[in-house]
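>>> model this:
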Amino acid sequence: MSSTSILAVLFDLDGTLRHTRPNGFETFTEYLGELGYTLNPAQLAHGERWNHYYWAVSPNLKADLEEFGGETSDFWTRHSERQLRVMKVEGDILALARQIMELFRERYVPSDHVPDDVLPTLTQLKQSGRTLGLVSNRTEPLDEVVTELNLEGIFDFTLSAGQAQSWKPDSKIFLRAAAMAHCLPEATAYVGDNFYADVEGARGVGMHPILIDPKGIFPEPDCTVIRSLGELGEALSSLGTKPVVPASVV
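Below is the predicted model:
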């Protein structure tokens with residue numbers, strides 16, 4: 001075992017650099033409250049953790065996409081049903097899921113939001129000489145969304161799951177990203193907000209996972225945790241002194 005400096009930093013996109021306003025899960029629970037259902041903090045935390053797990057290419061997600069042929073209206077109703085059952089909401093769950101989805105259709109108009117600390121942090125890392133990559137579970141290439149978010153010129157490369165034909169937490173997408181960064185996994189950090197997709201996937205190939213978790217959704221992730229992207233520089237400095245086990249890029 002030896003210590004190494006972090007030479008490449010790879011980033012998740014959705015929930016890490018790009019956020020949705022209003023947040024989908026928070027809107028879901030807000031509508032639930034309007035319908036007379038109050039959730040306690042434990043239910044909310046459990047529900048939000050499950051939501052992360054579901055979207056990390058879970059068996060339920062795969063089954064729902066196959067059954068409904070994509071993210072259709074029926075798909076989202078099923079997702080709402082699952083969410084309600086996970087949070088142990090009582091009552092006619094299917095009817096409640098349909099009511100919530102009707103509220104989403106009538107009211108929900110989300111927009112993209114990039115937190116104020118994102119561009120300064122990425123710019124500072126770029127100036128430090130590190131290789132920066134954007135690696136997302138989206139199907140389409142990421143160039144267009146990078147332009148829309150005004151992040152052009154920041155990343156040395158981008159890689160979508162569709163391009164890699166591999167979805168996080170599968171190892172193939174992480175290893176391909178390391179190869180594109182021309183960097184061994186043990187000298188690479190991966191920053192993401194989803195423990196199941198980002199932390200477990202990066203750690204599985206020998207990268208240093210950094211979890212961005214402003215709400216403390218994952219209380220014991222056994223990895224470096226930051227509350228905002230502005231804390232990343234300090235986190236990377238501490239990682240450079242930690243021992244790692246070398247892994248090969250394949």
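>>> In contact with the closest residue to Leu13 other than its chain neighbours, which residues?
Excluding its sequence neighbours, the residue lying closest to Leu13 (C-beta to C-beta, 6 or more residues apart in numbering) is Ser136, at 3.9 Å. For the C-beta atoms, the positions are set from N, CA and C on the backbone; glycine is no exception. Ser136 sits next to 12-14, 142, 158-161 when contact means C-beta atoms under 8 Å, 6 or more residues apart in numbering.
>>> Could you list the low-pLDDT ranges of this protein?
Residue ranges of the chain with pLDDT under 70: 1-4, 240-250.
>>> 90 instead, please
The chain contains residues with pLDDT under 90 at 1-5, 57, 219-220, 237-250.
>>> show me where it has helices.
24-34, 41-55, 59-68, 73-86, 93-107, 118-127, 143-148, 161-164, 171-180, 200-204, 232-239 (DSSP state H).
>>> How is this protein divided into domains?
Following automatic domain parsing, one finds the domains of the chain at 2-19+113-244, 23-109.
>>> ranking those by burial, who's on top?
Highest mean neighbour count of those: domain 2-19+113-244, a mean of 19 (counted as mean count of other C-beta atoms under 10 Å).
>>> Excluding chain neighbours, what is closest to Arg82?
Nearest residue to Arg82, sequence neighbours excluded (C-beta to C-beta, 6+ apart): Asn60, at 6.3 Å.
>>> give the contact list for the residue lying closest to Leu132 once chain neighbours are set aside.
Spatially, and ignoring its direct neighbours in sequence, Leu132 is nearest to Phe155 (5.1 Å; C-beta to C-beta, 6+ apart). By C-beta under 8 Å, 6+ apart, the contact set of Phe155 is 132-134, 146.
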